[in-house]
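K.L.:
The following block contains a protein sequence and its predicted model.
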Amino acid sequence: MRIARRLALGRLISLTGGSAAYIALIAAVYDQTGSAAWVSAALFAGVVGTVLAAPFAGWLGDHYDRRAVMVAADLAAAAVATAMALTGEPAALVVLLGLSAVAQSPFEPASAAAIPNLVAPSDVARANSLVAATGSAGYLVGPLLGGVVLGLSASPATLFAVDAATFVVSAILVASVRTPFGRGATAEHPGVLAGARVILDERSLRLVVGAGMASLVGIGIVHVAAYPLSTELDAGTEGYGAMTALVGGGGVLGAILAARVLRAGPERVLVAAFATQAGGLVIVGGAPVIAVALGGLALAGAVGGMGDVATTTLMQSRSRDEVRSRVFAAQDGAAHVAYTVAALAGGLIVELVSARGAFACAAACAAAGALIAVRLSTVEKAVENP
């Protein structure tokens, strides 16, 4: 577990810096243009970069030593962050954000594929839990830190420079691990789309990915509907900030607890997580006051964190090492597409059925994820008892 702790620490540092820099980039683009369209362009660039790079990113993790791939991804991301610190032009920042997404894209698939090679089989769930918890913490602390630093009159360039430094620290921590990370076998599974083919051919993987995508559609809607609901509950921007923080903060708690609850079986955890997430979102949609809404979101965030760890553990156990990085890359690309489509449609949903109705739609998505996960449990039992 020492290796997992080292990798988790590197991710915490780099994701905190990256999330803070993201806030700086959005602020820099909006302050210079005064246009929400430019902010949308930045969001679009980041997502498109991740989705387009996903197949090749997974191929790198299966074709080359995964430690080398992770180090190279961190150093490439550091170079892009340095370029951001040296320019202030909105168009350049938007393009660089897309390049940053491309540069970072090989890291996560290689990391998830390598975990089973770095820890004992009995420690895989614990390692996944630790990495997920620190990742959620980085996404939670980073935006808060970025907002505070910018509020103290620091320039966005300062945060970009810090971001570059955090990627270098992460690269050093990864490089310091001497245990072999493993590599795939592209000769046996050729092509950058091999991971997608494995998912399509393997029923259990299809169900895991499908359940996660259904849940993510709901989360995309939540992120759009949260601010209108906060306004309706007279909580304003403070309530919105708390709602957003609790989704991330809950994810930290859920990921920490996941290692224990996964002993009951990751399939059962996935069903329970998505079903409970649906219940939490129903609570939010019907909340009479902001405190109730916050409680519902904390619950939804916590079980969402458990679901993430269960998903990773299931995919690791059901994909072969030689193609595992491409499997995770395909899943990551599908997840980004699901979330982005939901986020883009979220505004229309709020307009049609209100913010409360949008939360009901999000709850239905989580419930759909739970039903798909139930089917996964049925398939697994059939395999175990032919």
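P.N.:
Yep, it's here.

K.L.:
use CA for all of it now, contacts and neighbours both
P.N.:
OK.

K.L.:
Which stretches in this structure count as helices?
P.N.:
2-33, 36-63, 66-85, 90-104, 107-118, 124-151, 156-175, 194-201, 203-232, 236-261, 266-285, 290-317, 324-384 (DSSP state H).

K.L.:
The closest residue to residue 14 other than its chain neighbours: what's it in contact with?
P.N.:
Among residues not flanking residue 14 along the chain, residue 166 sits closest, at 4.8 Å (CA to CA, 6 or more residues apart in numbering). Going by CA atoms under 8 Å, 6 or more residues apart in numbering, residue 166 touches 13, 14, 17, 78.

K.L.:
want to throw these into JSON lines with neighbour count, distance to residue 319 and pLDDT?
P.N.:
Converted to JSON lines, these look like this (neighbours: other CA atoms under 10 Å; distance: CA to CA, whole Å; pLDDT from 0 to 100):
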{"residue": "13", "neighbour count": "22", "distance to residue 319": "29", "pLDDT": "90"}
{"residue": "14", "neighbour count": "29", "distance to residue 319": "28", "pLDDT": "88"}
{"residue": "17", "neighbour count": "27", "distance to residue 319": "32", "pLDDT": "88"}
{"residue": "78", "neighbour count": "28", "distance to residue 319": "31", "pLDDT": "95"}
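
K.L.:
ok, so of those residues, who is nearest residue 302?
P.N.:
residue 13 (21.8 Å; CA to CA).

K.L.:
Now do the residue nearest to the closest one when sequence neighbours are not counted, the pLDDT please.
P.N.:
The spatial neighbour of residue 13 that comes closest, neighbours along the chain excluded (CA to CA, 6+ apart), is residue 166 at 5.8 Å. On the pLDDT scale, residue 166 is placed at 94.

K.L.:
Distance check, residue 166 against residue 355.
P.N.:
38 Å (CA to CA, to the nearest Å).

K.L.:
So for residue 179, what's the nearest residue that isn't a sequence neighbour?
P.N.:
residue 118 (6.5 Å).

K.L.:
quick one: contacts for the one you found?
P.N.:
Contacts of residue 118 (CA under 8 Å, 6+ apart): 3, 4, 179, 180, 181.

K.L.:
Include pLDDT, neighbour count and distance to residue 155 when you put these into JSON lines, please.
P.N.:
JSON lines is the format used below for the contacts of residue 118 (pLDDT from 0 to 100; neighbours: other CA atoms under 10 Å; distance: CA to CA, whole Å):
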{"residue": "3", "pLDDT": "81", "neighbour count": "18", "distance to residue 155": "36"}
{"residue": "4", "pLDDT": "85", "neighbour count": "21", "distance to residue 155": "34"}
{"residue": "179", "pLDDT": "84", "neighbour count": "11", "distance to residue 155": "40"}
{"residue": "180", "pLDDT": "81", "neighbour count": "12", "distance to residue 155": "41"}
{"residue": "181", "pLDDT": "83", "neighbour count": "19", "distance to residue 155": "38"}
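
K.L.:
quick check, nearest of those residues to residue 264?
P.N.:
Distances from residue 264 to the contacts of residue 118, taken by CA to CA, are shortest for residue 4, at 22.4 Å.

K.L.:
check contacts around the nearest residue to residue 145 once chain neighbours are set aside.
P.N.:
If the residues on either side of it in the chain are set aside, residue 145 comes closest to residue 20, at 6.0 Å by CA to CA, 6+ apart. For residue 20, the contacting residues are 142, 143, 144, 145, 146, 147, 159, 163, by CA under 8 Å, 6+ apart.

K.L.:
By mean pLDDT, show me the worst of the helices of the chain.
P.N.:
helix 236-261 (a mean of 78).

K.L.:
other SSEs contacting that one?
P.N.:
Applying 3 or more CA pairs under 8 Å, 6 or more residues apart in numbering; DSSP states H and E, we find helix 236-261 packed against helix 124-151, helix 203-232, helix 290-317.

K.L.:
So which bits of that helix are buried?
P.N.:
239-240, 242-259, 261 (16 or more other CA atoms under 10 Å).

K.L.:
How about stretch 265-275?
P.N.:
266, 267, 268, 269, 270, 271, 272, 273, 274, 275.

K.L.:
what's that stretch in contact with?
P.N.:
Contacts for stretch 265-275 (CA under 8 Å, 6+ apart): 215, 261-262, 303-304, 306-307, 310-311, 313-314, 366-367, 369-371, 373-374, 376-377.

K.L.:
again, 7 Å this time
P.N.:
Outside stretch 265-275, the residues that touch it by CA atoms under 7 Å, 6 or more residues apart in numbering are 262, 303-304, 306-307, 310, 314, 366-367, 369-370, 373-374, 376-377.

K.L.:
Next: stretch 48-57.
P.N.:
98-99, 101-102, 105-106, 192-193, 326, 329-330, 333, 336.

K.L.:
Highest neighbour count among those residues?
P.N.:
Counting neighbours by other CA atoms under 10 Å, residue 326 leads the contacts of stretch 48-57 with 38 neighbours.

K.L.:
Surely it is in contact with residue 198?
P.N.:
No. Taking contacts as CA atoms under 7 Å, residue 326 lies outside contact range of residue 198: 9.0 Å.

K.L.:
surely residue 131 meets residue 8?
P.N.:
Yes. Between residue 131 and residue 8 there is a contact under CA under 7 Å: 4.8 Å.

K.L.:
what domains does the record give for the protein?
P.N.:
Under the assignment automatic domain parsing, the domains of the chain span 1-120+138-175, 193-386.

K.L.:
for these, which one sits closest to residue 127?
P.N.:
Of the domains of the chain, the one closest to residue 127 (CA to CA) turns out to be domain 1-120+138-175, at 5.6 Å.

K.L.:
Measure how far the closest one is from the centre of its chain, please.
P.N.:
A distance of 12 Å separates the centroid of the chain from that of domain 1-120+138-175, by CA atoms, centre = their mean, to the nearest Å.
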